[in-house]
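Undergrad: A predicted structure for the sequence below; I have some questions about it.
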Amino acid sequence: MICRLALVCALLAIGLAPVSAPTLSFAPQSSGVVQFKTPAGEIGCTYIPFDGAGGIKTGVKGPELHCYRLIGKFIAFSLGPTGKARPLRVEGKLDCCRGRNVLAYGSTWETGGFACTAMRGGIACKRGKNVVAIGPVIRERPFLPKQ
């Protein structure tokens, strides 16, 4: 209960209040990869259904979700099939979120046990009890481990 209360307080602090939101789905690419971004394009996410899908090597067995802050100071995180979110190092050119898949503010995307909700203050993604939020200002703590 205390953990849940701390999570709600943290989400409220960055403008990501948990609300009942419409659920959206996006058609996957032929590789099964799904990419989407927030309406302002400041945050983008890539759902990778298995290692190597779409040419993306993750080294993780099972699905994985990568999200990136694309405007301002670049940060990225990965949420895998187990465990907590972790910082993600992106090497080379990032090929994310140029398509038409836009996760409208107040809407939620769900697939493969993952869910992301976009709000004007950023985006919150979860798998099970593991939640991570990313916004226009650096407020990823306590969601991400220390780098």
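TA: Alright, I've got the coordinates.
Undergrad: Where does the prediction get shaky in this structure?
TA: Counting by pLDDT under 70, the ranges of the chain that qualify are 1-21, 92-93, 136-147.
Undergrad: As a check, name the ranges of all helices in it.
TA: Assigned by DSSP state H, the helices in the chain fall at 2-13.
Undergrad: which residues does residue 52 contact?
TA: By CB atoms under 8 Å, 6 or more residues apart in numbering, the contact list for residue 52 reads residue 58. The C-beta positions use only the backbone N, C-alpha and C, and glycine is treated the same way.
Undergrad: what about residue 112, how many neighbours?
TA: Counted by other CB atoms under 10 Å, the residues lying close to residue 112 total 17.
Undergrad: Enumerate every residue touching the closest residue to it other than its chain neighbours.
TA: Using CB to CB, 6 or more residues apart in numbering and skipping the chain neighbours, the partner closest in space to residue 112 is residue 63 (4.4 Å). By CB under 8 Å, 6+ apart, residue 63 lies in contact with 47-50, 80-81, 112-114.
Undergrad: Report the distance from stretch 102-118 to the chain centre.
TA: Averaging C-alpha positions (CA atoms, centre = their mean, to the nearest Å) puts stretch 102-118 9 Å from its chain's average.
Undergrad: Which positions in it come out as buried?
TA: Going by neighbour count (16 or more other CB atoms under 10 Å), the buried part of stretch 102-118 is 102-103, 107-109, 111-112, 114-118.
Undergrad: got it, and stretch 30-49?
TA: 33-38, 42-49.
Undergrad: Those residues: which two are farthest apart?
TA: Spatial extent of the buried residues of stretch 30-49 (CB to CB) is set by the pair 42 and 49 at 25.1 Å.
Undergrad: Check whether residue 56 really touches residue 34, as I assumed.
TA: No - with contact defined as CB atoms under 8 Å, residue 56 and residue 34 do not form a contacting pair (11.8 Å).
Undergrad: Pull up the overlap in contacts between the two.
TA: Shared contacts of residue 56 and residue 34 (CB under 8 Å, 6+ apart): residue 46.
Undergrad: still on that earlier bit, now, the buried residues of stretch 30-49 that are in strands?
TA: Mapping the buried residues of stretch 30-49 onto strands (DSSP state E) picks out 34-37, 43-48.
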